[in-house]
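J.: Could you look at this predicted model? Sequence included:
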Amino acid sequence: MTCTSCHNPHDGSRPKMIKADIPNELCLKCHTEKRGPFFWEHAPVRENCLNCHNPHGSNHDKMLVSQQPWLCQRCHLNTRHPGSLYTGINATGSASTASNRAVEHACKNCHQNVHGGNAPTAPYLGR
């Protein structure tokens, strides 16, 4: 993979000289498993891969723009179960169990299919 895999240095008619109208067209040429269609879609994935990924590199896993769970909490703050990172309440809603400050606590522990899923019983992109 080189710069010219995605960019055309001789075509200034498109933003950032990319070879497609939108970044997803380029990303999905190689990452076909993320294309879908999915029964349950994650809207930011359909809109733009760059919402979560930095194609030029990142020090986070899978070139994410931010570390999990902060990446997810940019949009999903306190939905369906407590999401605050700094409370004594974890995802079960109980203060008697371990805090959600656990090492490597991430949304993907439960919500593994973040790009979309086809399981009819998994509307929340779970297993």
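T.: Received it, and whenever you're ready, just let me know what you need.
J.: Flag the shaky bits of the chain, pLDDT-wise.
T.: 77-105, 127 (pLDDT under 70).
J.: Give the full set of residues in contact with residue 72.
T.: 106, 107, 111 (Cβ atoms under 8 Å, 6 or more residues apart in numbering). In short, each C-beta sits where N, CA and C put it, glycine included.
J.: what's the burial count for the first one?
T.: In this case it means residue 106. Look at residue 106: counted by other Cβ atoms under 10 Å, it has 15 neighbours.
J.: mind checking the longest helix of this protein?
T.: Scanning the chain for the helix with the most residues, using DSSP state H, yields helix 23-30.
J.: ok, and what's touching that helix?
T.: Under the criterion Cβ under 8 Å, 6+ apart, residues 5-6, 18-20, 34-35, 46-50, 53, 55 lie in contact with helix 23-30.
J.: cool, and stretch 114-127?
T.: Against stretch 114-127 from outside (Cβ under 8 Å, 6+ apart): 34, 36, 38-42, 45, 80, 107-108, 110-113.
J.: could you redo the last one with a cut-off of 10 Å?
T.: Outside of stretch 114-127, the residues that reach it under the criterion Cβ atoms under 10 Å, 6 or more residues apart in numbering are 31, 33-46, 49, 52, 68, 71-72, 79-81, 107-108, 110-113.
J.: do stretch 11-22 as well
T.: Contacts of stretch 11-22 (Cβ under 10 Å, 6+ apart): 3-10, 23, 25-29, 47-50, 55.
J.: Okay, buried residues for it please.
T.: Neighbour-count burial for stretch 11-22, counted by 16 or more other Cβ atoms under 10 Å, picks out residue 18.
J.: For it, what is the distance to the chain centroid?
T.: The chain centre lies 23 Å from the centre of stretch 11-22; the measure is Cα atoms, centre = their mean, to the nearest Å.
J.: Can I get it as CSV, trimmed to CA atoms?
T.: Output in CSV follows, covering the C-alpha atoms of stretch 11-22 (Å, rounded to 0.1, in the frame of the first residue of the first chain):
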residue,chain,number,x,y,z
ASP,A,11,-5.9,15.4,-9.6
GLY,A,12,-6.7,18.4,-7.5
SER,A,13,-10.4,18.4,-8.3
ARG,A,14,-11.3,16.3,-5.2
PRO,A,15,-10.6,17.1,-1.6
LYS,A,16,-7.2,15.9,-0.4
MET,A,17,-6.7,14.4,-3.9
ILE,A,18,-8.4,11.1,-3.0
LYS,A,19,-9.3,8.8,-5.8
ALA,A,20,-13.0,8.5,-4.8
ASP,A,21,-15.9,10.8,-4.1
ILE,A,22,-16.1,9.7,-0.5
